[in-house]
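1. Sharing a sequence plus its predicted fold:
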Amino acid sequence: MNNMNPDTIRKSELIINEDGSAFHLHILPEDIADTIVIVGDPGRVDIVADHFDSREFVKQSREFRTITGSYGGKRVTALSHGIGTDNIDIVLTELDALANIDFSSRQIRSEHRSLRILRIGTCGAIQPDIALGSYIFSEISIGFDGVLNWYKEGEKYMLKEYEEAFVKYMNWPERFSRPYFVKGDDALRRRFEGWTIMGMTVSAPGFYGPQGRSIRMELTIPDLIEKLEDFRFDGHRITNIEMESSALSGMASVLGHKVGTVCLVAANRHVGNSNPDYKKLMDDLVERSLSALII
């Protein structure tokens, strides 16, 4: 007979390591700050933490590296999420669990803890007038990935008019996951106004074909970049393409967290150029972003 409380989350659903840490991230509930900066590359976590006044600890499991410390007198966590929205599904779910699940009882805490999460990444610009080295804040994200479609409540946060216009304009293939449009957090966005480009960002489920790059395989949408460049709706145009912001914004909306994405333009897909040596610009973006978060 199963005497488990029906509100208790089963061990098969939320896996907790023997040391009491979240399964993939390998961090404890007390390890995370209310303000979290997430980056794709584990090596970039140290670039963020180099700006901290002090560090509490460093932990790493797989591609997930975590450093919590202090910046401007406030506690901040830097965490790497790896590449892709599938990793965002893992990272955001486990961060929310660390904040809002009692790991001893496996029950949802009565008081909700809202995290403020900023993703700092790189992207490719779509529009010809966006220069290499520009900073783009994702005011709206377009998910080609399909992750949010797996969560029932996600539909409440999808911008359906944008979606319908885009599907019709693109003649979207039926075999593809249906794209969805979601907004980033408005309060966080206001902290980045004036020094970033406010953008509408595509999140692709891959770096090559899903972003219109053809190496040795023919593409289903060979003119993807040209089509994205020309799309307009309600005064918005698509500015850039990356791989994580859609699931991040969508899942955060459902879970009650404040999330945004800001990216450094490392390539311009329209003119076909790139700048792989962007370390100084990334360091500047990190410093500006931390300052904006702590204000």
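-> Sure thing, it's come through. Numbering: from 1, shown residues only.
2. From here on, just use CA atoms for contacts and neighbour counts.
-> Fine.
3. For I126, the count of nearby residues, please.
-> I126 has 26 neighbours, counted by other CA atoms under 10 Å.
4. Equivalent analysis for the one 5 residues further on, please.
-> Burial measure for A131: 13 neighbouring residues, criterion other CA under 10 Å.
5. who touches it in this structure?
-> By CA atoms under 8 Å, 6 or more residues apart in numbering, the contact list for A131 reads 125, 265, 268.
6. List the contacts of F52.
-> By CA under 8 Å, 6+ apart, the neighbours of F52 are 69-72.
7. Kindly recompute the last result at 6 Å.
-> By CA atoms under 6 Å, 6 or more residues apart in numbering, F52 lies in contact with 70-71.
8. Is it in a helix, a strand, or coil?
-> Assigned by DSSP: H, G, I helix; E, B strand; the rest coil, the conformation of F52 is coil.
9. That one and Q211, how far apart?
-> Using CA to CA, to the nearest Å, one gets 35 Å for the distance from F52 to Q211.
10. With adjacent residues omitted, what lies nearest to K59?
-> T66 (5.2 Å; CA to CA, 6 or more residues apart in numbering).
11. okay, now S114: neighbour count?
-> 16.
12. Could you report the neighbour count for L281?
-> 16.
13. Mind pulling up the pLDDT for it?
-> At L281, the pLDDT value in this model is 93.
14. and it, that one's in a helix?
-> Yes - membership of L281 in a helix is supported by three-state DSSP.
15. and the gap between it and I221?
-> Taking CA to CA, one finds L281 at 33 Å from I221.
16. mind checking the SS state of P128?
-> Using three-state DSSP, the structure places P128 in coil.
17. how about the closest residue to it other than its chain neighbours, secondary structure?
-> Among residues not flanking P128 along the chain, H270 sits closest, at 5.6 Å (CA to CA, 6+ apart). With three-state DSSP as the basis, H270 sits in coil.
18. tell me, how many neighbours does H270 end up with?
-> Around H270 there are 16 other residues, counting by other CA under 10 Å.
19. cool, and R65?
-> R65 has 26 nearby residues by other CA under 10 Å.
20. and it, what is it in contact with?
-> Neighbouring residues of R65 by CA under 6 Å, 6+ apart: 42, 59, 79-80.
21. and those, which are buried?
-> Neighbour-count burial (16 or more other CA atoms under 10 Å) applied to the contacts of R65 gives 42, 79-80.
22. mind checking which helix or strand of the protein has the lowest mean pLDDT?
-> When the helices and strands of the chain are scored by mean pLDDT, DSSP states H and E, strand 273-274 comes last with a mean of 70.
23. and T201, what are its bridge partners?
-> S141, N240 (DSSP bridges).
24. I'd assumed E242 was in contact with it.
-> No - counting by CA atoms under 6 Å, T201 stays clear of E242, with 7.2 Å between them.
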